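*Asks:* This is the structure alone, sequence omitted:
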């Protein structure tokens, strides 16, 4: 981070903040609305949820910053993003956000969405983000937009930002599956996105990356890259190319929501430090 004060805040942010938010009802003034859209890129119906904060003002002078989360159904309960955002805004840890939670289904359908998938970037850029911008008072400045996800959603968030840096200027990835190949492939050559970062021009994107310190398993039942090592190589590719990167290997952490959930707030605070909090 560039702000010493923001770094201190992240360091001191109570570890139980996300857990406490998960146990508390969402604020009376916040809303989560379900919408069903026809996804013209994948040619299927897709659910999305839009979170608006307490006191949301469609005519506010300053547009709201945005956070886009993949695996939108999970990010309402087991990864309680709306309640976390309520708590962060109430405590002045972060500005009030509008959040867009994207449903990615499960299994092979989910991987087709989230594994370095050009079609997902097309859907976000040509359809979903313009839809959000038309309907809600949200920023069009990518420097005030965060895209986030965990596991496949973590690599999906990074890919979306690389594909559309005009939309997404901040990536918060938790245990991102950076070992994957092109377009969600589970076969070699692995670590497609890291190789892309090494050879492509640097984009104006900031990264916060987490991985569990115990994610030392080889993927694909032992035949693929070691998970944490692939994450380290992705981090190294970013750093070598001059990106702003905050990287944490979570002590005793492994690959699951019980380790991601308590830190969900931390990446949001870190990336939004210094943004206006009207």
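*Replies:* Done, it's in. Quick caveat: nothing in here was measured; it's all calculated off a predicted structure.
*Asks:* can you pull the buried residues of the host helix or strand of residue 45?
*Replies:* Element membership for residue 45, per DSSP states H and E: strand 44-52. Using 16 or more other CB atoms under 10 Å as the test for burial, strand 44-52 gives 46, 47, 48, 49, 50, 51, 52. All C-beta spots, glycine's among them, are computed from the backbone N, C-alpha and C.
*Asks:* do you know how far the residue lying closest to residue 122 once chain neighbours are set aside is from residue 121?
*Replies:* Nearest residue to residue 122, sequence neighbours excluded (CB to CB, 6 or more residues apart in numbering): residue 41, at 4.7 Å. Using CB to CB, to the nearest Å, residue 41 is found at 9 Å from residue 121.
*Asks:* same deal with residue 264?
*Replies:* Taking CB to CB, one finds residue 264 at 24 Å from residue 121.
*Asks:* Can you pick out the residue with more neighbours from the two?
*Replies:* residue 264 (28 against 20; other CB atoms under 10 Å).
*Asks:* Verify the contact between residue 167 and residue 125 for me.
*Replies:* Yes. The pair residue 167 and residue 125 qualifies as a contact (CB atoms under 8 Å) at a distance of 6.1 Å.
*Asks:* Show me which of the two is the more surrounded one.
*Replies:* Taking other CB under 10 Å, residue 167 and residue 125 do not tie; residue 167 has more neighbours (22 against 17).
*Asks:* who touches residue 98 in this structure?
*Replies:* Applying CB atoms under 8 Å, 6 or more residues apart in numbering, we find residue 98 in contact with 50-53, 56, 64-67, 132, 136-138.
*Asks:* circling back to that earlier point, ok, of the buried residues of strand 44-52, which one's closest to residue 249?
*Replies:* residue 51 (29.8 Å; CB to CB).
*Asks:* Quick check: closest non-adjacent residue to the closest one.
*Replies:* That would be residue 99: by CB to CB, 6+ apart, it lies 3.9 Å from residue 51.
*Asks:* Tell me the strands beside the host helix or strand of that neighbour, with direction?
*Replies:* For residue 99, the host element (DSSP H and E) is strand 98-102. Paired neighbours of strand 98-102 in the sheet (DSSP bridges): strand 44-52 (antiparallel), strand 66-69 (parallel).
*Asks:* Could you dump the ones you listed into TSV and include mean pLDDT and distance to residue 186?
*Replies:* Below are these laid out as TSV (pLDDT from 0 to 100; distance: least, CB to CB, whole Å):
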stretch	mean pLDDT	distance to residue 186
strand 44-52	96	22
strand 66-69	98	24
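*Asks:* so the residue nearest to residue 51 touches residue 82, yeah?
*Replies:* Yes. Under the criterion of CB under 8 Å, residue 99 is in contact with residue 82, at a separation of 6.8 Å.
*Asks:* Overlap in contacts, these two.
*Replies:* residue 51.
*Asks:* circling back: same list, the contacts of residue 98, but as CSV with distance to residue 182 please.
*Replies:* Formatted as CSV, those follow (distance: CB to CB, whole Å):
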residue, distance to residue 182
50, 31
51, 32
52, 36
53, 37
56, 39
64, 34
65, 31
66, 28
67, 27
132, 28
136, 33
137, 37
138, 31
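*Asks:* Need the strands paired with strand 98-102 in TSV (columns: distance to residue 255).
*Replies:* Formatted as TSV, the strands paired with strand 98-102 follow (distance: least, CB to CB, whole Å):
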stretch	distance to residue 255
strand 44-52	25
strand 66-69	18
